[in-house]
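Enquirer: the following comprises the amino acid sequence and a computationally predicted model.
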Protein chains: 2
Amino acid sequence: MSGESEQEDKRDDPPEQQPAPEDEHDVGLSDQFIAEILELESQNYTDRIQELCRDLSAPDAAELLAKVDAERRHHLVQILETVIPPDTFTYLDKSMMNDLFQHMSGTHIAGIVNELDSDDAIHLIDELDGDRRADIMRHLSRRVRAVIEEGLTFPEESAGRLMQREFVAIPQFWTIGKTVDYLRAAADALPDRFYDLFIVDPAHRFVGSVSLDKLLCAQRAVKVDTLVNEEHVTIPVTMNQEQVAFQFRRKDLLSAPVVDEEGRLIGVITVDDVVDVIDEEAERDILSLGGVSNSDIHLSMAQTAKLRSIWLTVNLGTAFLDTLVINMFSGAIEKIVALAALMPIVASMGGNAGTQTLTVVIRALATKEVSAANALRVTWKECAVGILNGIFFAVLMWVIVMLFYHDNKLALVMGAALIFNLFAAGLSGALIPLVIAKIGLDPAPSSAIFLTTVTDVVGFMAFLGLATWFLM
Amino acid sequence: MSGESEQEDKRDDPPEQQPAPEDEHDVGLSDQFIAEILELESQNYTDRIQELCRDLSAPDAAELLAKVDAERRHHLVQILETVIPPDTFTYLDKSMMNDLFQHMSGTHIAGIVNELDSDDAIHLIDELDGDRRADIMRHLSRRVRAVIEEGLTFPEESAGRLMQREFVAIPQFWTIGKTVDYLRAAADALPDRFYDLFIVDPAHRFVGSVSLDKLLCAQRAVKVDTLVNEEHVTIPVTMNQEQVAFQFRRKDLLSAPVVDEEGRLIGVITVDDVVDVIDEEAERDILSLGGVSNSDIHLSMAQTAKLRSIWLTVNLGTAFLDTLVINMFSGAIEKIVALAALMPIVASMGGNAGTQTLTVVIRALATKEVSAANALRVTWKECAVGILNGIFFAVLMWVIVMLFYHDNKLALVMGAALIFNLFAAGLSGALIPLVIAKIGLDPAPSSAIFLTTVTDVVGFMAFLGLATWFLM
């Protein structure tokens, strides 16, 4: 759609077929487009690749790079480095970015960093491998270096890391007319995008924010401070990003002022950064519930295997505990081998029912739907649900065991163990995350392992114990 | 902080203790505040409760209502109905909202709906229990009813359901000066909040959008259409909300125009709605991976038990499959009872390794980090990771089995089964979600059950089969 001439680069005569023009309403890059680029890359039609990728946004360019293998990625970056936006690299996975940077000079990377917004620059430098960081910092402009050094002093995942230093602040006593005249005159010096105006006092302390739609609709003679938003939100620079995101969601903010301990305005957080935080937090919860600490989709095979083995080792410990419990009852199993075949059912039902409870409670903790005010009520309900479903599945299993084994006592033992384990699952599924959250830790990564330890041990113990008691 | 007089309502002499003034930087309601309100409620200090809750935002009021038990919730709504914002109800869980509405008259509820933004009104009506809906629709103003009826014709979770009908559109040929004059004159008729101006042609077809910061910084003589954003994003009214959210994230949008098939501008989607969608989608993924279809934290015990039992029944089927597999090898178990104690380790390690792969792949599918372009590479890597970790844990388990059972053959069988099952876990953990996504379904709800079926059956079969072969 762009009006740029497409003629010049045609001289090296690339294949006729037009690369997939993306469906106007499709999102992201089409696989067809990526395949086309790879085809051109293998035939070394660099001009044509540059031409096709000239209009890619940073996230799209990052997607292209992320979806090809390492070797071709290096080649594509060489071809595209003058064409893709500098912030492309901030959208790449950390390991991938560092890998690409290994083949670039320090001056070149510093050139990229110099062009970024302050928050992106800090994020990029923070993700650099240690030895490389010092090298690149040396090549940065003095101003950018100072901003980054200051930014890195704020704790990770705090508002200070998230904020941009570029914002629009005006004095309290201005009128709309004066403000608009100022904005028109200063247009070139203002940030690329801004969503609210911030009013400050002479000591640069934050007084209030005015949204642009209010400003646009007001008469020139009106004083700006009469338009200040009633909801007085300020973000302390040390606030955790999760809290920041919660504020934005609760108050439907577009941007929010970041202040230091003295209330002085030092930055702004915008809603697009908050959307990234929400994504990040959701990703962390999903992954850690699945036993993975970070998305390792872009890591090498060896790194992935190593990282995942940590969790699997913990799980091996739990599984071995099961072995010890089962061993205690080897006499019973030797006599009634059906016990060995039925016992996984008790453990598995408990594990699954407990995971249901756990997931609901962890999610409700994240959305603050559960807190001290209703924690007890929630726990009690989960226990009751466990008992209810325990009774239901006890009856169901009684029927099944009778059909297959024609043994009423065995069927009763099975049922009793199920009720007991589903109750234990409800209780521990609620209590484990609540307790972990209470002591100030994130319940997502470790809750599951405690839970399955409980449901496995209680499941095997109850079933085999009752069997020993009643059937021997 | 508000300047309203606190004197008047003091006549019924509520307890002296000040209810927790929320920490200025805390988010949401404090548990202390909720406890205080409940204390006042039990003593029937209605005036004081109204006074304290007068400034609550809709989400805060909803949080208060959600965190108390059903009986007190009904009482609090009676006390607060004139005080809390009408959109409070849209923040409540569906079942809770319907429960509260059962005690309100149709006219009253219609009054609430009449005051809502169009998207909120549609959402609320959509969540009403069927028999109630017709009753309330009858009491609505004709204009609101027409908007809702039209809104409900769009598919669920489509852009049409998400959009607001209130937006600001201006003709192509206007200058900035004329636009600003218009906004100032029409201020009262404009939507409460707007984030972009939309330019339309005489047939009301969307031409482009102008962000307010650009508008504010431009000179009066400039034509608006020279300020149009380059990224030309339009949302077709039938687009799925997940796609809409992806667009917003990719392009850092504040709002986006919704168009019908002829390209006519019919609504606007704003970033705060998109944030809700992102939350909703993340919640759905987290919950469905945990075997729960919706957050049931606010449902009754019986409803919760019923909903969860569906998933548990499916799981029972899988677990029973294990029983059948184990039964096939009951002869071997009878002779070597250690097999019964060790077999859960093989199944459990496979299940956990598979869940890791599954989680990473499902998440990467959601963020479009995995697509046809790299699906094969990802699958191959997961298989390799499975084999690598299989070998590592095979060696570890060989040592453990030797220590506990002093049986080299048994230890070797254990190791071989682990390698085999971790390979199967990597392969199926990647393939199952990829195939489900490929056929156009959401992989999150059902992948896990297929996976554990594979890892359980393969685990028990490999271990007990190899044991029968080599140890008997």
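Expert: Cool, got the structure.

Enquirer: and the angle for the particular helix or strand that has residue A:352 in it with helix B:338-366?
Expert: Element membership of residue A:352, judged by DSSP states H and E, is helix A:338-366. For helix A:338-366 against helix B:338-366, the angle by axes from the mean of the first three to the mean of the last three C-alpha atoms, to 10 degrees is 30 degrees.

Enquirer: please look at residue A:234 and residue A:257 and confirm they touch.
Expert: Yes. Applying C-beta atoms under 8 Å as the test, residue A:234 and residue A:257 come out as touching, 5.5 Å apart. All C-beta atoms are positioned from the backbone trio N, CA, C, and that covers glycine.

Enquirer: and the residue positioned nearest the centre of chain A, its phi and psi?
Expert: In chain A, the centroid-proximal residue (C-alpha atoms, centre = their mean) is residue A:280; its distance is 1.7 Å. Taking degrees, to the nearest 10, you get phi -60, psi -40 for the backbone angles of residue A:280.

Enquirer: before we move on, the earlier item: next secondary structure after the helix holding residue A:352?
Expert: Downstream of helix A:338-366 (by DSSP H and E), the next one is helix A:375-405.

Enquirer: is chain B contacted by the helix holding residue A:352?
Expert: Yes. Using C-beta under 8 Å from any C-beta of the partner chain, helix A:338-366 reaches chain B at A:338, A:340-345, A:347-349, A:352-353, A:355-356, A:358-364.

Enquirer: between that helix and helix A:375-405, how many degrees?
Expert: Using the same axes, to 10 degrees: helix A:338-366 against helix A:375-405 is 160 degrees.

Enquirer: give me the mean pLDDT for helix A:338-366.
Expert: Average pLDDT, helix A:338-366: 95.

Enquirer: low-confidence ranges in chain A?
Expert: Across chain A, the ranges flagged by pLDDT under 70 are A:1-27.

Enquirer: quick one: the strands in it, in order.
Expert: Secondary structure of chain A by DSSP state E: the strands cover A:169-171, A:196-200, A:206-211, A:235-236, A:255-259, A:265-270.

Enquirer: format those as JSON lines; extra columns: distance to residue A:469 and mean neighbour count.
Expert: JSON lines is the format used below for these (distance: least, C-beta to C-beta, whole Å; neighbours: other C-beta atoms under 10 Å in any protein chain shown):
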{"stretch": "strand A:169-171", "distance to residue A:469": "75", "mean neighbour count": "16"}
{"stretch": "strand A:196-200", "distance to residue A:469": "70", "mean neighbour count": "22"}
{"stretch": "strand A:206-211", "distance to residue A:469": "69", "mean neighbour count": "21"}
{"stretch": "strand A:235-236", "distance to residue A:469": "60", "mean neighbour count": "22"}
{"stretch": "strand A:255-259", "distance to residue A:469": "62", "mean neighbour count": "25"}
{"stretch": "strand A:265-270", "distance to residue A:469": "62", "mean neighbour count": "23"}
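
Enquirer: how about JSON lines for those strands, with distance to residue A:370 added?
Expert: Output for the strands of chain A, formatted as JSON lines (distance: least, C-beta to C-beta, whole Å):
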{"stretch": "strand A:169-171", "distance to residue A:370": "39"}
{"stretch": "strand A:196-200", "distance to residue A:370": "33"}
{"stretch": "strand A:206-211", "distance to residue A:370": "32"}
{"stretch": "strand A:235-236", "distance to residue A:370": "25"}
{"stretch": "strand A:255-259", "distance to residue A:370": "26"}
{"stretch": "strand A:265-270", "distance to residue A:370": "27"}
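
Enquirer: select, out of the ones you listed, the one closest to residue B:142.
Expert: Smallest distance to residue B:142 across these (C-beta to C-beta): 32.3 Å, for strand A:206-211.

Enquirer: so how far is that closest one off the chain centroid?
Expert: A distance of 30 Å separates the centroid of the chain from that of strand A:206-211, by C-alpha atoms, centre = their mean, to the nearest Å.

Enquirer: quick one, it and strand A:196-200 angle?
Expert: Relative orientation of strand A:206-211 and strand A:196-200, computed by the same axes, to 10 degrees: 160 degrees.

Enquirer: give the contact list for residue A:343.
Expert: By C-beta atoms under 8 Å, 6 or more residues apart in numbering or on different chains, residue A:343 lies in contact with A:326, A:459, A:460, A:463, A:464, B:340.

Enquirer: can you pick the most crowded of those?
Expert: Within the contacts of residue A:343, most neighbours by other C-beta atoms under 10 Å in any protein chain shown means residue A:459, with 30 neighbours.

Enquirer: list the contacts of that one.
Expert: Residue A:459 neighbours (C-beta under 8 Å, 6+ apart): A:343, A:346, A:347, A:348, A:349, A:350, A:351, A:417, A:421.

Enquirer: and stretch A:122-136, does that touch chain B?
Expert: No. Using C-beta under 8 Å from any C-beta, stretch A:122-136 stays clear of chain B, with a minimum separation of 15.2 Å.

Enquirer: coming back round to it: I'd like the contacts of residue A:459 as a markdown table, with distance to residue B:211 appended.
Expert: Formatted as a markdown table, the contacts of residue A:459 follow (distance: C-beta to C-beta, whole Å):
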| residue | distance to residue B:211 |
| --- | --- |
| A:343 | 63 |
| A:346 | 60 |
| A:347 | 57 |
| A:348 | 54 |
| A:349 | 55 |
| A:350 | 54 |
| A:351 | 51 |
| A:417 | 63 |
| A:421 | 58 |
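
Enquirer: out of the residues you listed, who's nearest residue A:129?
Expert: Among those, and counting by C-beta to C-beta, the member closest to residue A:129 is residue A:351, at 40.0 Å.

Enquirer: that closest one against residue A:455, yeah?
Expert: Yes. Residue A:351 is within contact range of residue A:455, at 4.7 Å (criterion: C-beta under 8 Å).

Enquirer: tell me the contacts of the residue nearest to residue A:339 when sequence neighbours are not counted?
Expert: Setting aside the residues directly before and after it, residue A:339 is nearest to residue A:333 in space (C-beta to C-beta, 6 or more residues apart in numbering or on different chains), at 5.1 Å. For residue A:333, the contact set (C-beta under 8 Å, 6+ apart) comprises A:326, A:339, A:340, A:464, B:333, B:337, B:340.

Enquirer: let's see it at 10 Å
Expert: Counting by C-beta atoms under 10 Å, 6 or more residues apart in numbering or on different chains, residue A:333 makes contact with A:326-327, A:339-341, A:343, A:464, A:467-468, B:333-334, B:337, B:339-341.

Enquirer: over to residue A:467?
Expert: Residue A:467 neighbours (C-beta under 10 Å, 6+ apart): A:329, A:332-333, A:335-336, A:338-339, A:342-343, A:409-410, A:413-414, A:417.

Enquirer: mind doing that once more with 6 Å?
Expert: A:332, A:339, A:413 (C-beta atoms under 6 Å, 6 or more residues apart in numbering or on different chains).
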